[in-house]
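Asker: fold the following for me, if possible:
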Amino acid sequence: MSGHGTPIPMTSRKGEALKGAAHVPGDKSISHRSLILGALSVGETRIEGLLEGQDVLDTAAAMRAFGAEVTDHGAGRWSVHGVGVGGFAEPTDVIDCGNSGTGVRLIMGAAATSPITVTYTGDASLRSRPMGRVTDPLALFGARAHGRQGGRLPMTVVGAAEPVPVRYAVPVPSAQVKSAVLLAGLNAPGQTVVIEREATRDHTERMLAGFGAELAIEDGPEGRVITLTGRPELRPQDITVPRDPSSAAFPVCAALLAEGSDVLVPNIGLNPTRAGLFTTLVEMGADLSYENLREEGGEPMADLRARFSSDMQGIEVPPERAASMIDEYPVLSVVAAFAKGRTVMRGVRELRVKESDRIDAMAKGLRAAGIEVEEGPDWWIVHGRGHGDVPGGVTVESRLDHRIAMSFLVMGLATNAAMVVDDASPIATSFPIFEALMTGLGAGIARV
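Answerer: Numbers count the residues shown, from 1 in each chain. All right, here's what the predicted structure looks like:
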């Protein structure tokens, strides 16, 4: 699959039970951060299990453009010879981040406090996404951003020649915004403080500490307060990337829906700021179990087993859980269609500004497939019909959004009639082996 170029329509239909082990790719969030922090270190960072989807490859290319030596040794093994904090060179060309909102926002933060001028762009989906949520706090450091109307790419960011530390309260839960500010704070003197009212995924904090940054985290009346001391010399690391829980969501949910299925997903990262989907599925009555619980590189991991679950019930997902599963709501809505009763999802405004408006995209597709959906600015409700009673039989739009495409392909494995996704090519940005992995388990997924 290619996330850029000719559309690839795909279909999925009910068929055999899914069986076997699903070896999903490395965690995308950790892969991006491994490359960026490796580039900001002095010396060689070695990475095992890097996700080699297009999003991460675009970040690797960006780090090369900033002067780091980034080498692919094959089989997910990479090395990064960094240039140190404040050592980014000015790129000679535009930085193209493809489809990745995480990549462009983190890279903007990492470069914003160096005296260089950088122009960023991306594909049609990324160029439609707002960047003001990141460029506004970066301006407090002294960076200046010039983009299209509405704060959209292409955008040129003039880095701060004399950056100052900032104290910033993140207005909406966003790990990308928090991470951009922390990465910018690395090259600002003194202490940069980020305040979160609701905790979001904490990979950046864990990895900054691992690379030797001076970081303090405490909970106070304002929320979670993260204090970073600027201008450290980051130490290179040996990093083993855990498997991506967001990618694992798709074979896991497919196994819950396809009759007779039993799938093991080894080595899944279970960081508590990322594992909200699995908690939610268990509350709905899903047959999920954790095996071989352990910790590697400061991140909790386990092997996750998912079995067909015919009697799941709709629930109200706690709004405070949204940050720990924001990317998984599309596929959760598919599971909800096969549960009995209402599944209520609130506090999910962030879904409106992802690669697509994911609430609108999923609501339209689910309705077309025979499911009643209610929606509002930051909430939606799926009225489940129960296993065996979801019609399907329609073509849906992926809207250049990998998670929309994969979610509807999972849905088709249990609908009464096949589902068709108009373009599955964006799946390559995050899960390049999705097609081969799912068909290897027995899924009835094929190119049209």
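
Asker: now the helices for the stretch 101-250 of the chain?
Answerer: For the stretch 101-250 of the chain, the helices defined by DSSP state H, counting those that start in this stretch cover 101-111, 124-127, 132-141, 175-185, 203-210, 245-257.

Asker: could you check the angle helix 175-185 makes with the third one?
Answerer: Inter-element angle recorded for helix 132-141 and helix 175-185: 20 degrees (by axes from the mean of the first three to the mean of the last three C-alpha atoms, to 10 degrees).

Asker: give me the mean pLDDT for helix 132-141.
Answerer: pLDDT averaged over helix 132-141 equals 97, rounded to a whole number.

Asker: list the contacts of that helix.
Answerer: Residues outside helix 132-141 that contact it (C-beta atoms under 8 Å, 6 or more residues apart in numbering) are 105, 108-109, 112-113, 143, 145, 147, 150-151, 155, 157, 160, 163-166, 168, 171-172, 174, 176-177, 180-181, 184-185, 188. All C-beta atoms are positioned from the backbone trio N, CA, C, and that covers glycine.

Asker: what residues sit buried inside it?
Answerer: Using 16 or more other C-beta atoms under 10 Å as the burial criterion, the residues of helix 132-141 that qualify are Arg133, Val134, Thr135, Pro137, Leu138, Ala139, Leu140, Phe141.

Asker: so which of the helices of the stretch 101-250 of the chain is nearest Ile47?
Answerer: Taking C-beta to C-beta, helix 203-210 is the member of the helices of the stretch 101-250 of the chain nearest to Ile47, at 11.5 Å.

Asker: and the closest one, what's buried?
Answerer: So for helix 203-210, counting by 16+ other C-beta under 10 Å, buried means His203, Thr204, Glu205, Arg206, Met207, Leu208.

Asker: and if you look at stretch 338-354?
Answerer: 338-351, 353-354.

Asker: then stretch 36-56?
Answerer: For stretch 36-56, the neighbour count (16+ other C-beta under 10 Å) marks 36-41, 45-56 as buried.

Asker: looking at those, which are in helices?
Answerer: Ile36, Leu37, Gly38, Ala39, Gln54, Asp55, Val56 (DSSP state H).

Asker: closest one to Ala417 out of the residues you listed, please.
Answerer: Gln54 (31.8 Å).

Asker: that older thread, closest to Glu16 out of the buried residues of helix 203-210?
Answerer: Using C-beta to C-beta, the shortest approach to Glu16 within these belongs to His203, at 36.3 Å.

Asker: not counting sequence-adjacent ones, nearest residue to the closest one?
Answerer: Ser29 (5.1 Å; C-beta to C-beta, 6 or more residues apart in numbering).

Asker: where's the one you found relative to Glu328, distance?
Answerer: Separation of Ser29 from Glu328 (C-beta to C-beta, to the nearest Å) stands at 13 Å.

Asker: what of Gly142?
Answerer: Following C-beta to C-beta, the distance that separates Gly142 from Glu328 is 37 Å.

Asker: returning to what we had before: now, the buried residues of stretch 338-354 that are in strands?
Answerer: Taking DSSP state E, the ones among these that sit in strands are Lys340, Gly341, Arg342, Thr343, Val344, Met345, Arg346.

Asker: closest one of those residues to Pro236?
Answerer: When these are ranked by distance to Pro236 (C-beta to C-beta), Met345 comes first, at 41.0 Å.

Asker: my read: Pro115 touches Ala143, true?
Answerer: No. Pro115 lies out of contact with Ala143 (C-beta atoms under 8 Å); the separation is 10.1 Å.

Asker: and the residue lying closest to Asp238 once chain neighbours are set aside, bridged to which residues?
Answerer: Distance criterion C-beta to C-beta, 6+ apart; nearest residue to Asp238, sequence neighbours excluded, is Arg46 at 4.9 Å. Beta-bridge pairing of Arg46 under DSSP bridges involves Ser79, Asp238.

Asker: now swap in Ala21 and tell me
Answerer: Ala21 has these beta-bridge partners by DSSP bridges: Leu264.

Asker: look up how far Gly260 lies from it.
Answerer: For Ala21, the distance to Gly260 - C-beta to C-beta - is 17 Å.

Asker: among those two, which residue is more densely surrounded?
Answerer: With neighbours defined as other C-beta atoms under 10 Å, Ala21 and Gly260 compare such that Ala21 has more, 15 against 12.

Asker: coming back round to it: buried ones among the contacts of helix 132-141?
Answerer: In the contacts of helix 132-141, the ones that pass as buried (16+ other C-beta under 10 Å) are 105, 108-109, 112-113, 143, 145, 147, 151, 155, 157, 160, 163, 165-166, 168, 172, 174, 176-177, 180-181, 184-185, 188.

Asker: could I get the helices of the stretch 101-250 of the chain as CSV with distance to Lys364?
Answerer: Compiled in CSV, those are given as follows (distance: least, C-beta to C-beta, whole Å):
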stretch, distance to Lys364
helix 101-111, 22
helix 124-127, 17
helix 132-141, 26
helix 175-185, 26
helix 203-210, 32
helix 245-257, 20
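
Asker: looking at those helices, which is nearest to Arg305?
Answerer: helix 245-257 (8.7 Å).

Asker: which strands and helices sit next to that closest one?
Answerer: strand 262-269, helix 276-283, strand 287-296, strand 299-307, helix 329-338, helix 402-411, helix 434-441 (3 or more C-beta pairs under 8 Å, 6 or more residues apart in numbering; DSSP states H and E).
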